[in-house]
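Undergrad: Fold the following, please.
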Amino acid sequence: MQICALVKYPPIQGGVSARCYWIAQALARRGHNVRIVTNAGEVEEEYRLWIPPDDRNMLETAFQNGGSVTVVTSGGAKRSLKHIPQANPYVSKLSSIATEEIRFHSCDVVFSYYYEPYGMAGHLAASWTRKPHVIQHAGSDHGRLMNHPELSTAYREMLKRASLVVSSRSTFQALGIRPDHVIAPIRNGAFLPRRYFNGAAPPLDVDALIDLAREHPFVQNRAPWRPDVPVFGILGKVGRAKGSYDLIESLRILRKRGHDFSLLAMVGGTDRENFIAAVGEAGLAENTWTLPLLPHWRVPSFIRSCTAVCFMERRFPIKSHTPMVPQEVLACGTCAILSAEIAQKQGFSEKLIHGHNVFIVDNPSRTEPFLDVLLTVARDPQRVRQIGINGSSILPPVRDDEELGNYYEDLLRNAVSKGICADAVGDGSRATEVKRRSDVKSEVRNFLATQMPASFRLFRSDIESVLENLILENVVDGTDVSCLAHRVSETLFDLRANVNHPDLLQLEILRFEKECLWSVVDLEGSVGKPQFPRKNESLFRTRPATQPFECKPLRSDWLRISDYFGGIEEAVKTAKQNGNGYREKLSSHRIETYIFVKRGDLLPRAIKIDGATRDVVDLCDGTRTTGQIDAALAERGVALREGLWNLLYHLAKTGVLRGVPLHDNSENGFCIADRE
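TA: Okay, the predicted model is just below:
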């Protein structure tokens, strides 16, 4: 196959870039020609890998079977791109370059990994050249960018038109994407190039590397390297959520208590300068050697140079974020020191035993437990080496290059066979129409059984009847399964509510699940209703808010608030499990309020709130500052005081509000979420 891949690629730093590199190599080994279209040549310095001169030929390759990887990057034309407002037009650049590559080399399929800008550029190039398009997402693009109110619609439309979507998410059917067009990815930890990541990887010659990269701005300490003392390692992006400053503080105390060690830091990101400053302020500059970000195939040598590698990510804002660093460390037979949050995200977390095959720190921001682990490394490096050896034996079996190539070869051939559009159009015959109606009915039934399990169990016969009538009324080709399921839920509720003497407890369960279903269906997107009201005041704003009390929170238009009998969630759970016993769970003597929030990723969100929260949401209409909201609450007898800021923060994180104070990486600072 001739494959055009719009992806992150070295010298871009990070896990997605590494995976795209190995995918391209694996496909080329199987005889395919992979044409990488990327903006890697324009990556910012803080996210740029430093590739040693002898390694640069590894970015492109050719095999004897005819397979190859070639790279085309944007940024080669240095002419001015001035336009107002100023921006780097990555989507236009990449879609343009990719279109040329597809046409000139007669590519069979387009593959993109990460929505921005690669997925969107791939969508445009595939549309212009009428080629099938396969999209794969990571954690941050689907968990963060997909929920941005000014980006979400574009990504949803892009996904609807893909030939295949590579994802483990269960919500794509809510976009009208048929289940057979969503393919589960190779599990995140299922592939490591073990010819690189193993216990025999040679340690870095740190002195030689620093001499070679001596002009690089990331190299801070040019004194002779000290491997004769315990070596703590840290790699990747640094920041508060990464636990980087927790590590520095604990090492400061360790040094103060008289323990000698070296810190080997291969770090980047926008917070790198702050991290280096913190190292100096902690008195650790002489103990610390900083390296430029090295390419993925050099990471094993970095790991093997360390006595223990720390990966302390905690309270990370994207729950689905599952970096590969812990498994890379374990594979190399080096001791891993992990936060409990990261340890629990591993698919083999039950095998991780603190003090035997790994060190686990429950909360790195609590200095004493973290310090105890560092003390063990400093005092007993022999025991630590054995822990690293023990850790290497617990990794689950991993796929090799051949299996990785098999997976993506089958995936891309599947896309070619499906063609350019995810919605297969029938041939117009009666037989095709009958089959399609049957398929739609089955898909809607399965969707309802997944999203409204209790109601499906209680009202199965009514659902079948309503579904049959709606199927007969609707044109089947291109039918949006999720929207049809929503119509079934609304019709069913009206039907049950209007019978003589309706069963109020059953009706309460149906009403609750109906709203949960609404939260995962892209109804608003289909009619162009934005998540947040458009406000023209931003055109005339002379300065942004500089204090939390000056901000004007604005509630989403994609939310619903409803009251239910007490115990509704427990009743739904009971009805789902056995259909009986739910009546004992519901109490009409108390009322519970729920807010249903719809976001771009269409993950269900039903949140129980109290009266004060409801008052806050009502007041957040974009016209009142947070100070005025506080005063209005006081007039109603609601005294939240300092608790108001925390409440606004959590409402913003769940997508209920925008334009509210959020803490940034400084100790007492804040930034404005989605500032207009």
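Undergrad: burial of Val597, as a residue count?
TA: 21 (other CB atoms under 10 Å). No exception for glycine: its C-beta is placed from N, CA and C like everyone else's.
Undergrad: Thought Ile561 was touching it, still the case?
TA: No: with contact defined as CB atoms under 8 Å, Val597 does not reach Ile561; the gap is 9.9 Å.
Undergrad: on contacts alone, who are the packing partners of whichever strand or helix holds Asn469?
TA: Element membership of Asn469, judged by DSSP states H and E, is helix 460-473. Counting contacts by 3 or more CB pairs under 8 Å, 6 or more residues apart in numbering; DSSP states H and E, helix 460-473 is packed against helix 430-451, helix 481-497.
Undergrad: pLDDT on that helix, on average?
TA: The pLDDT scores in helix 460-473 average 87.
Undergrad: Helix 481-497 and that one, what's the angle between them?
TA: 130 degrees (axes from the mean of the first three to the mean of the last three CA atoms, to 10 degrees).
Undergrad: Domain boundaries for the protein, per the record?
TA: What automatic domain parsing lists as the domains of the chain is 2-186, 206-392, 430-502, 531-565+589-672.
Undergrad: how far does the longest one stretch from start to finish?
TA: The first residue of domain 206-392 is 24 Å away from its last residue (CA to CA, to the nearest Å).
Undergrad: ok, now which ones touch Ile303?
TA: Shown in contact with Ile303 (CB atoms under 8 Å, 6 or more residues apart in numbering): 201, 233, 235, 309, 328-329, 332, 334.
Undergrad: Mind checking which of these are in helices?
TA: Those of the contacts of Ile303 mapping onto helices are 328-329, per DSSP state H.
Undergrad: So which of the contacts of Ile303 is the closest to Gln25?
TA: Of all the contacts of Ile303, Gln25 sits closest to Glu328, with 16.9 Å by CB to CB.
Undergrad: which non-adjacent residue is nearest that closest one?
TA: Phe197 (5.5 Å; CB to CB, 6 or more residues apart in numbering).
Undergrad: ok, Ser442 to Tyr196 distance?
TA: Distance of Ser442 to Tyr196, given as CB to CB, to the nearest Å: 46 Å.
Undergrad: Let me fix that, I meant to ask about Tyr407.
TA: 19 Å.
Undergrad: More neighbours: which of these two?
TA: Neighbours per residue (other CB under 10 Å) separate Tyr407 from Tyr196, with Tyr407 holding more: 20 against 17.
Undergrad: so the more buried one touches Val166, yeah?
TA: No: counting by CB under 8 Å, Tyr407 does not reach Val166; the two are 9.8 Å apart.
Undergrad: Could you grab the helix/strand/coil label for the residue nearest to Glu328?
TA: Three-state assignment for Phe197 (DSSP: H, G, I helix; E, B strand; the rest coil): coil.
Undergrad: Backbone dihedrals for it, please?
TA: Here is the backbone geometry of Phe197 (degrees, to the nearest 10): phi -90, psi 90.
Undergrad: Count residues in the vicinity of the residue nearest to His259 when sequence neighbours are not counted, would you?
TA: Take His259 and drop its neighbours on the chain: the residue closest to it by CB to CB, 6+ apart is Ala378, 4.4 Å away. When neighbours are counted by other CB under 10 Å, Ala378 registers 22.
Undergrad: next one: the one 10 residues further on
TA: Per other CB under 10 Å, the neighbour tally for Gly388 reads 24.
Undergrad: for Ile12, same thing?
TA: For Ile12, using other CB under 10 Å, the count is 23.
Undergrad: Show me what it bridges to in the sheet.
TA: Arg48 (DSSP bridges).
Undergrad: Unless I'm misreading it, it sits right up against Glu42, doesn't it?
TA: No: applying CB under 8 Å, one finds Ile12 not in contact with Glu42, separated by 9.6 Å.
Undergrad: Show the contacting residues for Ser588.
TA: 504, 565-566.
Undergrad: Validate this expectation: it resides in a strand.
TA: Yes: with three-state DSSP as the criterion, Ser588 is located in a strand.
Undergrad: Please shift the residue numbers so they start at 407 in all later answers.
TA: Sounds good: first residue 407 from here, last item Ser994.
Undergrad: Got the confidence number for it?
TA: 88.
Undergrad: Ala903 versus that one, what's the distance?
TA: 16 Å.
Undergrad: go on, Glu522?
TA: Distance from Glu522 to Ala903, by CB to CB: 44 Å.
Undergrad: swap in Val635?
TA: From Val635 to Ala903 the distance is 74 Å (CB to CB).
Undergrad: Assign Ile592 to helix, strand or coil.
TA: Ile592 - assigned by three-state DSSP - is coil.
Undergrad: Report pLDDT for the residue nearest to it when sequence neighbours are not counted.
TA: Nearest residue to Ile592 in three dimensions, chain neighbours excluded: Tyr813, at 5.5 Å (CB to CB, 6+ apart). On pLDDT, Tyr813 comes in at 92.
Undergrad: Distance from the chain centre to the helix or strand harbouring Glu998, please.
TA: When elements are assigned from DSSP H and E, Glu998 belongs to strand 993-1003. On the basis of CA atoms, centre = their mean, to the nearest Å, strand 993-1003 sits 31 Å off its chain's mean C-alpha point.
Undergrad: One more: stretch 1000-1019?
TA: 20 Å.
Undergrad: Show me which residues of it are buried.
TA: Buried residues in stretch 1000-1019, defined by neighbour count with 16 or more other CB atoms under 10 Å: 1000-1013, 1015, 1018-1019.
Undergrad: related to what we said a few turns ago, if we compare the helices and strands packed on helix 866-879, which one ends up closest to Pro491?
TA: Comparing these by CB to CB, helix 887-903 comes nearest, at 36.3 Å.
Undergrad: and the helix or strand that that closest one is followed by, what does it pack onto?
TA: The helix or strand immediately downstream of helix 887-903 is helix 910-924, counting by DSSP H and E. Secondary-structure packing of helix 910-924 (3+ CB pairs under 8 Å, 6+ apart): helix 836-857, helix 859-864, helix 887-903, strand 965-972, helix 974-984, strand 993-1003, strand 1012-1015.
Undergrad: mind listing the helices for the stretch 407-556 of the chain?
TA: Using DSSP state H, counting those that start in this stretch, the helices assigned to the stretch 407-556 of the chain run over residues 421-435, 496-511, 526-535, 545-549.
Undergrad: Ok, which of those helices comes nearest Cys410?
TA: Going by CB to CB, the one of these nearest Cys410 is helix 496-511, 5.1 Å.
Undergrad: what packs against the closest one?
TA: Helix 496-511 packs on strand 408-412, strand 439-444, helix 526-535, going by 3+ CB pairs under 8 Å, 6+ apart.
Undergrad: how about Tyr496, what does it touch?
TA: Contacts of Tyr496 by CB under 8 Å, 6+ apart are 445, 448, 480, 523, 527.
Undergrad: Low-confidence ranges, this structure, go.
TA: Along the chain, the parts satisfying pLDDT under 70 run over 484-486, 593-596, 723-727, 803-806, 827-842, 879-885, 941-955, 1047-1048, 1067-1082.
Undergrad: relative to its centroid, which residue of it is most remote?
TA: Distance from the centre of the chain peaks at Asn906, with 48.4 Å (CA atoms, centre = their mean).
Undergrad: ranking the helices and strands packed on helix 866-879 by burial, who's on top?
TA: Most buried of those by mean neighbour count (mean count of other CB atoms under 10 Å) is helix 887-903; its value is a mean of 20.
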